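Visitor: Just a sequence and a predicted model for now, questions to come.
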Amino acid sequence: MGEHRTRLPRLAPLAIAAMLLASECRADWRVVPALELTERYTDNFRQQSNDLKRSQFISELTPSVAFAKTGPRLTLNGTAQWRHFAYRDDDLRDTLDHSFEYALSGRGTLVQDFLYVDASASETPSNISAFGPRVEDTPYLASNLAKVKTWRISPNLEQRFGKLALLSLRYTRDRVEGGGTRGFATTEGDGISANLAGQTAFEKLGWSLNHLRQELQDSINGETSTQNSTARLRYALTGRVGVTASVGYDRYRFQSLGGGDTAGRNWSYGFDWTPSLRTNLSASLGRHFYGQTGSFSLLHRSRRTSWNIVYDDGITTSREEFLLPSTIDTGSLLDRLFAASIPDPVARQQAVAAYIQNTGLPPNLVDNVNFLSNRYFRQRGLTGSMAFKMARASGVLSLGSTERVALSSQESDSSLLGNELSSRNDNVRQQSANASLDYRLGPRASAVAAIGWSRNRSLTTGLVDHRRDFRIGLNRQLGRKLQASVDLQRRTGSVGVSGRTNGPYQEHSISASLSAQL
């Protein structure tokens, strides 16, 4: 009996997998394993000044798997990849031999139209600082890299009271950790949110009451908390135009700079306009205890284009951006673009993933860095993106500007970057512009060109990091599940390895890849 008791927990995941893969569920699953081999040569693999640069041959083998399950009661999506690196030279510092990444998300219906559960988990590389080599450009370097692990589970209860109102109650438990990165706090959060929304009998006046409370247990800052309460009204001037207003109160508990306020009333007014099912526009102006605020959102989709413009202003943290990022998601933008030509959601997801791989687009279109910090900060960001799809050509254009100003004490970040660089991430302004074009040369071949520009500036120290990227490539479909590609790239910047100014640098690289779906 002892042997069975010992083995049962280990076999439990296999039993769950067996139930999910039973005959009544198997048709809902899509599993796509893949393997990619990349050979890369770079004349400056550490991104250092010309007198220090060093060339390197780098081999990368990446097995991966992507899966999706769609059903009336359960929806799951996930990706995982194992990156293995080999180098020509052996005497290399701050390089990786391997890297593992995954991202999982799902939603389950426990009681139809009443009780749901949302869950997610991830382990992804992140930039420690906004200055220096980017993990997306140099995944083999460890100097500015941290492995951030997250998980989140959130039961959600919804109760409708006829046509009068809808009540939504949600509990969230989450955790964020830096994978052993020195100075980045491990945080665990407990949050409760309540939303009651409805409309009057005349159906022109809508209203909602919202309350959020979150308690954080921080391994460096101790206990911190957030409370937001808001009452909103919306009056429909026409069937497509409405005016909005809100009042509320915010209360944060953290060690503020100079003993400033961390609580106060808030208000806003604005409008929204929905001229069609493909277009939605909203804007507002208001004030919180930390200053005047505003928001703007435009979503538009035509037969061949997809547009997304967003401006927001609020208090956030690095951990919150890892759990619920506010940047424009590449997959979501392309999903709307491909919706007209690929109505099936699973087939559309595969087409979007293939397009991202062929063009080398990042997960988030705006090239602004969510660097590590243990502090609360005010973040103002304007981001815009446009994707188009013609008969032979398709492309993506994105612009972004983000400013982070710290609100809490610098002491919590003192050991993250070290004394020499401790104030670099205090207040940072990031600007970026990126464009990519994919041109179909024939039924099995396409050419890719991409250009990028970014400027990161520390408002505290005055350090500026300019970066420019240019890439051209060719993709060739060798078979139904086999693809080859060749890329040439040129990159320039002003802040190199370890985030220190060591003179302007240039990097030229060439890579060849062979990928197969198994």
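Guide: Sure, I can see it. Numbers count the residues shown, from 1 in each chain.
Visitor: Could I get the full set of helices for the protein?
Guide: 2-20, 23-26, 318-323, 330-338, 345-359 (DSSP state H).
Visitor: any low-confidence regions in the stretch 151-300 of the chain?
Guide: 201, 259-260 (pLDDT under 70).
Visitor: Kindly recompute the last result at 50.
Guide: Filtered on pLDDT under 50, the stretch 151-300 of the chain yields no residues whatsoever.
Visitor: Looking at the chain, which strand is longest?
Guide: strand 145-161 (DSSP state E).
Visitor: Give the partner strands of that strand in its sheet and their orientations.
Guide: Using DSSP bridges, the strands paired with strand 145-161 in its sheet are strand 115-127 (antiparallel), strand 165-177 (antiparallel).
Visitor: ok, and for that strand, which residues are buried?
Guide: Leu145, Ala146, Lys147, Val148, Lys149, Thr150, Trp151, Arg152, Ser154, Pro155, Asn156 (16 or more other CB atoms under 10 Å). Every C-beta, even on glycine, is put in place using the N, C-alpha and C of the backbone.
Visitor: could I get those as JSON lines with distance to Asp261?
Guide: Shown next, in JSON lines, are the buried residues of strand 145-161 (distance: CB to CB, whole Å):
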{"residue": "Leu145", "distance to Asp261": "37"}
{"residue": "Ala146", "distance to Asp261": "32"}
{"residue": "Lys147", "distance to Asp261": "36"}
{"residue": "Val148", "distance to Asp261": "31"}
{"residue": "Lys149", "distance to Asp261": "34"}
{"residue": "Thr150", "distance to Asp261": "30"}
{"residue": "Trp151", "distance to Asp261": "33"}
{"residue": "Arg152", "distance to Asp261": "30"}
{"residue": "Ser154", "distance to Asp261": "30"}
{"residue": "Pro155", "distance to Asp261": "34"}
{"residue": "Asn156", "distance to Asp261": "33"}
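Visitor: what's the spacing between Ser409 and Arg429?
Guide: Remark: distance between Ser409 and Arg429 (CB to CB, to the nearest Å) = 21 Å.
Visitor: Next up, the contacts around Arg480.
Guide: For Arg480, the contact set (CB atoms under 8 Å, 6 or more residues apart in numbering) is empty.
Visitor: per-residue confidence at it?
Guide: On the pLDDT scale, Arg480 is placed at 88.
Visitor: try the one 4 residues further on
Guide: Note for Ala484: predicted pLDDT of 95.
Visitor: For it, grab the count of nearby residues.
Guide: Using other CB atoms under 10 Å, Ala484 is surrounded by 15 other residues.
Visitor: so it touches Leu514, yeah?
Guide: Yes - under the criterion of CB atoms under 8 Å, Ala484 makes contact with Leu514 at 5.3 Å.
Visitor: ok, Ser408 touching Ser256?
Guide: Yes - applying CB under 8 Å, one finds Ser408 in contact with Ser256, separated by 6.1 Å.
Visitor: Looking at the two, which is more packed in?
Guide: The neighbour comparison of Ser408 against Ser256 (other CB under 10 Å) goes to Ser408, with 23 against 16.
Visitor: Tell me the spacing between the more buried one and Asn456.
Guide: 21 Å.
Visitor: what ranges do the strands span in the stretch 251-400 of the chain?
Guide: 263-276, 279-288, 291-301, 305-316, 377-389, 393-406 (DSSP state E, counting those that start in this stretch).
Visitor: Could you dump the strands paired with strand 145-161 into TSV and include distance to Gly78 and mean neighbour count?
Guide: Below are the strands paired with strand 145-161 laid out as TSV (distance: least, CB to CB, whole Å; neighbours: other CB atoms under 10 Å):
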stretch	distance to Gly78	mean neighbour count
strand 115-127	9	18
strand 165-177	18	17
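Visitor: Make TSV out of those and add distance to Asp28.
Guide: Listed next are the strands paired with strand 145-161 as TSV, based on distance: least, CB to CB, whole Å:
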stretch	distance to Asp28
strand 115-127	18
strand 165-177	26
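Visitor: List just the one of these that sits closest to Pro504.
Guide: Counting by CB to CB, Pro504 lies closest to strand 115-127 out of the strands paired with strand 145-161; the figure is 20.1 Å.
Visitor: Let me see the residues that make contact with that closest one.
Guide: For strand 115-127, contacts defined as CB under 8 Å, 6+ apart pick out 99-110, 134-135, 139, 144-158, 179, 322-323, 369-372.
Visitor: Pull it out as PDB, backbone CA atoms only.
Guide: Extracted in PDB, the C-alpha atoms of strand 115-127 (Å, rounded to 0.1, in the frame of the first residue of the first chain):
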ATOM      1  CA  LEU A 115     -19.300  30.200 -12.400                       C
ATOM      2  CA  TYR A 116     -16.100  30.300 -14.400                       C
ATOM      3  CA  VAL A 117     -12.400  29.900 -13.700                       C
ATOM      4  CA  ASP A 118      -9.600  31.700 -15.500                       C
ATOM      5  CA  ALA A 119      -6.000  30.600 -15.100                       C
ATOM      6  CA  SER A 120      -2.600  31.300 -16.600                       C
ATOM      7  CA  ALA A 121       1.100  30.400 -16.000                       C
ATOM      8  CA  SER A 122       4.300  31.500 -17.800                       C
ATOM      9  CA  GLU A 123       8.100  31.500 -17.600                       C
ATOM     10  CA  THR A 124       9.600  34.000 -20.000                       C
ATOM     11  CA  PRO A 125      12.900  36.000 -20.300                       C
ATOM     12  CA  SER A 126      12.800  39.600 -19.400                       C
ATOM     13  CA  ASN A 127      15.100  42.600 -19.500                       C
END
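Visitor: for Asn425, what are its contacts?
Guide: Here Asn425 is in contact with Ser129, Ala130, Phe371, Leu372, Ser373, Asp413, Leu416, Leu417, Ser458 (CB under 8 Å, 6+ apart).
Visitor: which among those end up buried?
Guide: By 16+ other CB under 10 Å, the contacts of Asn425 give Ser129, Ala130, Phe371, Leu372, Ser373, Asp413, Leu416, Leu417, Ser458 as buried.
Visitor: shouldn't the third one be in contact with Val135?
Guide: No - between Phe371 and Val135 there is no contact under CB under 8 Å: 10.9 Å.
Visitor: and the closest residue to Leu141 other than its chain neighbours, how many neighbours does it have?
Guide: Leaving out its chain neighbours, the residue that sits closest to Leu141 by CB to CB, 6 or more residues apart in numbering is Pro133, at 5.5 Å. Per other CB under 10 Å, the neighbour tally for Pro133 reads 30.
Visitor: And the pLDDT for Pro133?
Guide: Per the predicted model, pLDDT is 84 at Pro133.
Visitor: same deal with Glu101?
Guide: Glu101 is given a pLDDT of 94.
Visitor: so who does it touch?
Guide: Ala80, Gln81, Arg83, Glu123, Thr124, Pro125.
Visitor: For the closest residue to the first one other than its chain neighbours, list each beta-bridge partner.
Guide: Yep, that's Ala80 we're talking about. Nearest residue to Ala80, sequence neighbours excluded (CB to CB, 6+ apart): Tyr102, at 3.9 Å. Tyr102 has these beta-bridge partners by DSSP bridges: Ala80, Glu123.
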